[in-house]
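[1] just a sequence and a predicted model for now, questions to come.
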Amino acid sequence: MTWSVRTYQPADERSWLRCRVLGFLDTAYYDDVWTSKPATTGPDLVAVTGDGTVAGILVATVRGKAATIDTVVVHLDFRRQGIGQALHVYADRYTDAGEPGRAAVVARAGLTLTSGFLHGRMVDEQWARANFRRVHVCRRFARRLVSEHD
C-alpha cells in the first residue's frame with residue numbers, strides 16, 4: 001500500500017474523522033469521538049493512501065511559545081506500515097540512551113516542553129496518580145517456560 005504525508009485539507013474531514021475513530025477504537029481513547037474536526041493552531045498533517053483515504057493523523061496546537069501534539073493516530077487497517085513513524089518521533093531510551101534528551105528536553109528556539117508521554121516505575125504509581133490527571137498502567141505478565149528436559 002502506498003501513502004504520502006501532506007497537510008490536512010477541508011475535503012479530508014469525513015475520512016479524517018473515520019481514521020480518528022477507528023485508530024483509537026482499540027485504545028484507552030476509544031470513547032473520545034468527535035463529529036466534526038476542530039480548528040487547529042499548529043501543524044495538521046495526514047497520511048493519505050493513493051485513493052485519498054486518511055490513514056494517519058498528526059494534530060498539534062501552538063499557543064505562544066508552546067506546542068502540544070494533541071493527536072497521533074493510525075487507522076486500524078493501515079498499521080505497521082511506518083505511517084506513525086512518518087508522522088511523529090517517539091523517543092526511546094532503549095534504542096539510544098540520549099534520544100529522549102534530543103527529542104524533548106533540549107531547548108528549541110521559542111519552544112517550551114509542556115506535555116509528554118512518560119514511563120515510570122510501578123513503585124511510583126501512587127505518586128503519579130496524586131500528581132497527574134491521566135495515568136495509564138500497562139502490565140506485562142511473564143512466565144518462565146519449562147521444558148520436560150529442565
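    Happy to help now that I have it.

[2] surely V33 meets G23?
    No: the pair V33 / G23 is not scored as a contact, 11.6 Å apart, by CB atoms under 8 Å. (Each C-beta comes from the backbone N, C-alpha and C, glycine too.)

[3] and stretch 82-89, average pLDDT?
    Mean per-residue pLDDT for stretch 82-89: 75.

[4] CA atoms of the helix or strand hosting C19 as CSV?
    In this assignment (DSSP states H and E), C19 forms part of helix 13-24. C-alpha atoms of helix 13-24 as CSV (Å, rounded to 0.1, in the frame of the first residue of the first chain):
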residue,chain,number,x,y,z
GLU,A,13,-12.8,15.8,7.1
ARG,A,14,-15.0,12.8,6.7
SER,A,15,-12.1,10.4,6.2
TRP,A,16,-10.1,12.2,8.9
LEU,A,17,-13.0,11.6,11.4
ARG,A,18,-13.2,7.9,10.4
CYS,A,19,-9.4,7.5,10.8
ARG,A,20,-9.5,9.0,14.3
VAL,A,21,-12.4,6.9,15.5
LEU,A,22,-11.0,3.6,14.0
GLY,A,23,-7.4,4.4,15.1
PHE,A,24,-8.5,4.9,18.7
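
[5] can you list contacts of that helix?
    8, 30, 32-37, 46, 48, 52-57, 71, 73-77 (CB atoms under 8 Å, 6 or more residues apart in numbering).

[6] if we can go back for a sec, of V33 and G23, who's got more company?
    G23 (25 against 11; other CB atoms under 10 Å).

[7] distance of that one relative to V59?
    Taking CB to CB, to the nearest Å as the measure, G23 falls 12 Å from V59.
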